[in-house]
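>>> After the sequence you'll find the predicted model.
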Amino acid sequence: MSRAEPGSTRLYHRLVVYVLFLLLLLPLAGTLLYSLATSWSASILPSGLTIKWYLALWSDPRFLNAFGQSLLVCVGALILSVLLILPLLFVVHYHFPRLDALMNILILLPFAVPPVVSSVGLLQLYGSGPLAMVGTPWILIGCYFTVALPFMYRAITNNLQAINLRDLMDAAQLLGASTFQAAFLVVLPNLRKGLLVALLLSFSFLFGEFVFANLLVGTRYETLQVYLNNMRNSSGHFNSALVISYFLFVLVLTWAANRLNKDKS
Amino acid sequence: MSFVSVQNLQKSYAGSTVFNDINCHIERGEFVTLLGPSGCGKSTLLRCIAGLTAVDSGKILLDGQDLVPLTPQKRGIGMVFQSYALFPNMTVEQNVAFGLRMQKVANEESRSRVLEVLQLVELQDLASRYPHQLSGGQCQRVALARSLVTRPRLLLLDEPLSALDARIRKHLREQIRNIQRELGLTTIFVTHDQEEALILSDRIFLMNQGRIVQSGDAETLYTAPADAFAAGFIGNYNLLDADSASRLLQRPVSSRLAIRPEAITLSLNGELEGLVRSHSLLGNVIRYRVEARGVELLVDVLNRSSADLHPNGQRVSLSIDPTALCEVA
């Protein structure tokens, strides 16, 4: 609902929004322009436009490999999260609602320790012995799972609280559904929004994660951010094309998720 | 033998007793109400009957079969929740058909039964809508249809009208009663609204602090409350202690006395002198607060015309119907 407000106030409010957008978009626009420039050093505007940096990037097998590996690690971690957190959330909220307070503290633990510190711990723990996983994607999947935990837990919890889980489960069971049928046919479809938000948030965060990837696997299993770091001494145009490609990928993913998430009505 | 028989039912949560030794019997086709204030155990009793809450001990017999060992799925009970509990991802038709889907009823039969109950609750035109596209009253009718379509042996209604506004509530309670009579369905209705209970029920079980304090038809409960709680909960009884009652009636009274506000009449030349302290208009009734012999009484008078109104501070005479005096424990 819009409120009546004087023209000057409206103009001021719009100005604040436009300036904020400008501030956010300016570095991105600069990077985009730089990624399309043939060269841009001694002039205000680029000397010419080209897509050769994008062609070079998308034909670089190392980049494609890093991109694929990043995708694999992120998707692996998210699948693990969904498989473990959904049943956990269901059990906590349906059978042991009092545990929610404890869970809220537990899920924040991955953020209580700085990534550099926990990386050192993980290196010690999984560097040797029967669980030697350092340098393999498995340690990254496990680590990313804990990082995704708070995003997943909070977003799905909000969704669960909004749907009145207990009454829905009770109603379904009285109508003859088993606990599994009630959870699968009634509860799960209603968690679609929360789940997609959680997945999107986690994916965007994990896809751009650098510290764990660099310290735990480095070049032995190069992810996109590690690749970007390793290419820092190459052409700035090339790196800009990489950043813009990364940004566009996340943007398209967000758009697709939003499309999927629209109400049927 | 009664159709529903609750015997010596006990339930406690974390050491605190919800109810202890509950016994009640309901006949086939009866519409009974569990009435009582919040926290008296009425909803827990309903959930125990449905199988959604485990009982500590006791029996719940439905048509001779003990329900206690059975899961909710196997009890053959339909239930309507205060929150409607409609499945948001399903249309009205899919919601109603859910129980039949679980029973693996053939599509053709399912469709005709769904249509039949939707016609019963007058919602056949909204079959393709989603719950968020319906009003509260429509949602509750869908919930009712959903619980009826499986042809339950017993229907449980857990404060189904509490979330609705007054006009819709009135319409829906008539609809519920008509459907229940039409189908001859044994129904247990839970409410804290005494008016709703009095209008709808064949019999009322009045509950307080985990006990059934009185049961009977609406008239019995209204005219002969068993104790001070019943008198205070049903209607707006004047509840007088023995001293006040003796002073008012000018004869010795040994126990507490309950007098219905409408059993006292106001006139200009009655046997008891009083002073109007305040009055409030309740639509068709005017409720006076009158002081007589140092006792404050509520007096309900039919609002016939504004000319009959007794202003605050006016001296009036009161007459109390002696048959309406009710001694309570």
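Perfect, thanks for sending it.
>>> OK, contacts around the residue of chain B positioned farthest from its centre?
No residue in chain B sits farther from the centre than B:Asn269, which is 39.4 Å out by C-alpha atoms, centre = their mean. Contact analysis of B:Asn269 by C-beta atoms under 8 Å, 6 or more residues apart in numbering or on different chains lists B:Ser317. Yep, even glycine has a C-beta here, placed from its N, CA and C like the rest.
>>> do B:Thr150 as well
A:Leu175, A:Gly176, B:Gly76, B:Gly78, B:Gly99, B:Leu100, B:Gln103.
>>> Now residue 52: closest residue in space that isn't a chain neighbour?
Picking chain A for this. Of all residues not flanking A:Lys52 in the chain, A:Thr38 sits nearest, at 7.8 Å (C-beta to C-beta, 6 or more residues apart in numbering or on different chains).
>>> you looked at the wrong chain, it should be chain B
B:Leu52 sits nearest to A:Asp170 (C-beta to C-beta, 6+ apart), 5.0 Å away.
>>> Find me the pLDDT at the one you found, would you?
Here the pLDDT value assigned to A:Asp170 is 95.
>>> Go ahead and confirm it touches B:Ser83.
No - A:Asp170 is beyond contact range of B:Ser83, at 10.1 Å (criterion: C-beta atoms under 8 Å).
>>> Can you show me the helices along the stretch 1-150 of chain B?
Ranges of helices in the stretch 1-150 of chain B, per DSSP state H, counting those that start in this stretch, are B:42-50, B:92-102, B:107-120, B:136-148.
>>> How about the stretch 151-300 of chain B?
Using DSSP H, counting those that start in this stretch, helices in the stretch 151-300 of chain B cover B:166-183, B:194-200, B:218-223, B:228-233, B:242-249.
>>> how about the ones you listed in TSV, adding distance to B:Gln65, mean neighbour count and mean pLDDT?
As requested, the helices of the stretch 151-300 of chain B are exported to TSV (distance: least, C-beta to C-beta, whole Å; neighbours: other C-beta atoms under 10 Å in any protein chain shown; pLDDT from 0 to 100):
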stretch	distance to B:Gln65	mean neighbour count	mean pLDDT
helix B:166-183	21	15	91
helix B:194-200	27	19	92
helix B:218-223	30	17	91
helix B:228-233	33	21	88
helix B:242-249	49	17	91
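>>> what helix or strand does the closest residue in space to A:Asp100 that isn't next to it in sequence sit in?
Leaving aside its sequence neighbours, A:Asp100 sits nearest to A:Val92 (C-beta to C-beta, 6+ apart; 5.7 Å). Using DSSP states H and E, A:Val92 maps to helix A:61-94.
>>> quick one: low-confidence ranges for the chain?
Because you didn't say which chain, this covers chain A. A:1-4, A:263-265 (pLDDT under 70).
>>> right idea, wrong chain: chain B
Checking chain B against pLDDT under 70 turns up B:268.
>>> How about the residues of it by chain A?
B:50-52, B:71-73, B:75, B:77-79, B:81, B:83, B:85-89, B:98-99, B:102-103, B:130, B:132-133, B:143, B:146-147, B:150 (C-beta under 8 Å from any C-beta of the partner chain).
>>> For the residue nearest to A:Lys52, list the residues it contacts.
A:Pro46, A:Ser47, A:Gly48, A:Leu49, A:Thr50, A:Lys52 are the contacts of A:Thr38 under C-beta under 8 Å, 6+ apart.
>>> Return the closest of the residues you listed with respect to B:Lys170.
Using C-beta to C-beta, A:Leu49 comes nearest to B:Lys170 of these, at 72.5 Å.
>>> distance of that closest one from B:Leu297?
As judged by C-beta to C-beta, to the nearest Å, A:Leu49 and B:Leu297 stand 93 Å apart.
>>> now A:Pro130
Taken as C-beta to C-beta, the span from A:Pro130 to B:Leu297 is 85 Å.
>>> do the same with B:Ser317
For B:Ser317, the distance to B:Leu297 - C-beta to C-beta - is 13 Å.
>>> So those two - more neighbours on which side?
The residue with more neighbours, out of B:Ser317 and B:Leu297, is B:Leu297; 22 against 15, by other C-beta atoms under 10 Å in any protein chain shown.
>>> Please look at that one and B:Arg277 and confirm they touch.
No - B:Leu297 lies out of contact with B:Arg277 (C-beta under 8 Å); the separation is 9.7 Å.
>>> Now do the shared contacts for the two.
B:Arg289, B:Val290, B:Glu291.
>>> coming back round to it: just among the contacts of B:Thr150, which is most surrounded?
Highest count within the contacts of B:Thr150 by other C-beta under 10 Å belongs to A:Leu175, 29 neighbours.
>>> ok, which pair from the contacts of B:Thr150 is furthest apart?
Farthest pair in those, by C-beta to C-beta: B:Gly76 and B:Leu100, 13.8 Å.
>>> number of nearby residues for B:Leu185?
20.
>>> ok, it - contacts?
B:Gly29, B:Leu148, B:Pro152, B:Leu154, B:Leu155, B:Ile179.
>>> One more pass at 7 Å, please.
B:Leu155 (C-beta atoms under 7 Å, 6 or more residues apart in numbering or on different chains).
>>> That one and B:Ser2: what is the separation?
16 Å.
>>> Please apply the same query to B:Leu86.
Counting by C-beta to C-beta, the gap from B:Leu86 to B:Ser2 is 32 Å.
>>> Please say which of those two ends up with more neighbours.
Higher neighbour count among B:Leu86 and B:Ser2: B:Leu86, with 26 against 16, using other C-beta under 10 Å.
>>> Tally up the residues packed near the residue nearest to that one when sequence neighbours are not counted, please.
Closest residue to B:Leu86 apart from its sequence neighbours, by C-beta to C-beta, 6+ apart: B:Pro131 at 4.1 Å. Residues lying near B:Pro131 (other C-beta under 10 Å) number 19.
>>> Hmm, B:Ala85 and B:Pro131 touching each other?
No - when contacts are counted by C-beta atoms under 7 Å, B:Pro131 is not listed as touching B:Ala85 (9.8 Å).
>>> who's the closest residue to chain A within the stretch 201-329 of chain B bridged to?
In the stretch 201-329 of chain B, no residue comes nearer to chain A than B:Met207, which is 21.3 Å away by C-beta to the nearest C-beta. With DSSP bridges applied, B:Met207 shows beta-bridge pairing to B:Ile212.
>>> Count the residues that sit near it.
If you count neighbours by other C-beta under 10 Å, B:Met207 ends up with 26.
>>> Against A:Val134, how distant is A:Ala77?
On the measure of C-beta to C-beta, A:Ala77 and A:Val134 end up 17 Å apart.
>>> who has more neighbours, these two?
A:Ala77 (25 against 21).
>>> Contacts only, for that one.
By C-beta under 7 Å, 6+ apart, the contact list for A:Ala77 reads A:Ile141, A:Tyr144, A:Phe145, A:Ala148, A:Leu206.
>>> mind running it again at 10 Å?
A:137, A:140-149, A:202-203, A:206, A:209 (C-beta atoms under 10 Å, 6 or more residues apart in numbering or on different chains).
>>> now A:Met133
By C-beta under 10 Å, 6+ apart, A:Met133 lies in contact with A:Leu122, A:Leu125, A:Tyr126, A:Gly127, A:Ile139, A:Leu140, A:Ile141, A:Gly142, A:Cys143, A:Leu216, A:Val217.
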